[in-house]
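# predicted model follows, preceded by the sequence.
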Amino acid sequence: MKTRRLGQSAIHVTDICMGTMTFGSQTDEAEALRILDRCFDEGINFYDTAEGYPVPPDIKWVGRTEEIVGRWLKTKSRDAIILATKVSGPSHVWFKSPCRGGMTALDRHNIRTAIEASLTRLQTDYVDLYQTHWPDHDAPYDEIMDALDELVREGKVRILGCSNETSWGLMKSLAASERLGVARYHTIQNNFSLNNRRFEDELAQVCRQEGVSLIPYSPLAGGVLSGKYQGGATPEGARFSRYLAMEGRQAAMGRRFVNDKSLAATERYLAIAAEAGIDPVTMATAWSKQHDFVASTIVGVSSYDQLEPILAAKELVLDAALMKTLDRVGKDILYPMG
């Protein structure tokens, strides 16, 4: 499996990262441990979690994912794992973290409180990559970056990253770090898939010019690109089947991922995969990896049997003709997820 550098840091990670956001809610601990063990045995060294997991966000189980990952981590050599987690920021749309009673401004107090609690749950004295889960555009970036820099200097964190950030916010943070002489963001974790290519509009250029790596999440567009929601299907146990039956934030997120345009685009991708003789999940995962600004693609499963088509993408390289065919769909059906 290929490895790539995270931003301008010294850390190299496998180009597939295992995400964990359903561990402790949709996925029980026994199944989660089987999934993690299989990924480790397959050579994956990069694992991503967050203080606000699992999803959907709920006070009854917040923090459970880190606890599961922490217990698993004790069964492995710590040096063999690149571990990423996140401090909750003040999300405004899709994800409202229940951490600290919803008090998730990215100030010095909350950042310090969050890392100490995460280290306890993860049963480790450091994390390799610490990310701001959602940006706080109302807070001074100088304070945010200075507070995060303290954690790096103390050895609690090796490098820093952000998530769900805008091009403006990423540039503001990089400017603050340069001005203060403190640690910078090396990664950005944003949504990026065949059904959501907005990252290419502006942020891809920032990453290339500033030496920041994308570690994309939802490469399968929340499972939509597998084809399981085609024809109005709502498969039992599937995340968006549950979300679409809810109200508020979760229902809005479900409609963003599962809508007429996204299903139309997916129908064409399924046909392309069939013609190429490739599982659509394998194709979508491999496609995500084949971008120069991507360091590692975060995949996620809720059950062990979903791993196979993802792992089949480990060494797969899509040829130029197939990449061009996939690009055509994106040009014909613009922004399926809005």
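Alright, I've got the coordinates.
# C-alpha from now on. contacts and neighbour counts both.
Fine.
# run a quick neighbour tally on the nearest residue to V13 once chain neighbours are set aside.
Excluding the flanking residues, the one nearest V13 by CA to CA, 6 or more residues apart in numbering is T3, at 5.0 Å. For T3, the neighbour count with other CA atoms under 10 Å is 15.
# pull the contacting residues for the spatially most central residue of the chain.
In the chain, the centroid-proximal residue (CA atoms, centre = their mean) is Y217; its distance is 3.4 Å. Each residue near Y217 by CA atoms under 8 Å, 6 or more residues apart in numbering is listed here: Q189, N190, N191, F192, T297, I298, V299.
# just the buried residues out of these, in ChimeraX syntax.
The following ChimeraX line selects those of those that are buried, judged by 16 or more other CA atoms under 10 Å:
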select :189,190,191,192,297,298,299
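# from the contacts of Y217, which is closest to K314?
Lowest distance from K314 to the contacts of Y217 (CA to CA) belongs to T297, with 10.7 Å.
# beta partners of that closest one?
Listed by DSSP bridges, the beta-bridge partners for T297 are I16.
# that one against S213, yeah?
No. Counting by CA atoms under 8 Å, S213 is not a contact partner of T297; they are 10.7 Å apart.
# related to what we said a few turns ago, read off the pLDDT value for the residue nearest to V13.
Per-residue confidence at T3 stands at 98 (pLDDT).
# cool, W94 as well?
Per-residue confidence (pLDDT) for W94: 64.
# ok, the residue nearest to V13 - contacts?
Taking CA under 8 Å, 6+ apart as the test, what T3 contacts is H12, V13, T14, D15, A295.
# what's the closest non-adjacent residue to R5?
Closest residue in space to R5, ignoring its immediate chain neighbours: H12 at 4.3 Å, by CA to CA, 6+ apart.
# that neighbour - how many residues pack around it?
Count around H12 with other CA under 10 Å applied: 17.
# could you check how far it is from Q189?
16 Å (CA to CA, to the nearest Å).
# and whichever strand or helix holds E275, what does it pack onto?
According to DSSP states H and E, E275 maps onto helix 260-276. Packing partners of helix 260-276 (3 or more CA pairs under 8 Å, 6 or more residues apart in numbering; DSSP states H and E): helix 280-289, helix 320-332.
# please save the CA atoms from it in CSV.
Once non-C-alpha atoms are left out, helix 260-276 reads as follows in CSV (Å, rounded to 0.1, in the frame of the first residue of the first chain):
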residue,chain,number,x,y,z
ASP,A,260,-32.8,13.4,-7.5
LYS,A,261,-29.5,14.8,-8.8
SER,A,262,-27.3,12.6,-6.7
LEU,A,263,-29.2,9.5,-7.6
ALA,A,264,-29.1,10.5,-11.3
ALA,A,265,-25.3,10.9,-11.2
THR,A,266,-24.9,7.7,-9.2
GLU,A,267,-26.9,5.8,-11.9
ARG,A,268,-24.4,6.8,-14.5
TYR,A,269,-21.4,5.9,-12.2
LEU,A,270,-22.9,2.5,-11.6
ALA,A,271,-23.2,1.9,-15.4
ILE,A,272,-19.5,3.0,-15.8
ALA,A,273,-18.4,0.7,-13.1
ALA,A,274,-20.3,-2.2,-14.6
GLU,A,275,-18.8,-1.6,-18.0
ALA,A,276,-15.3,-1.5,-16.5
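# make residue 1 into 860 and carry on from there
All right, first residue 860 from here; so that's helix 1119-1135.
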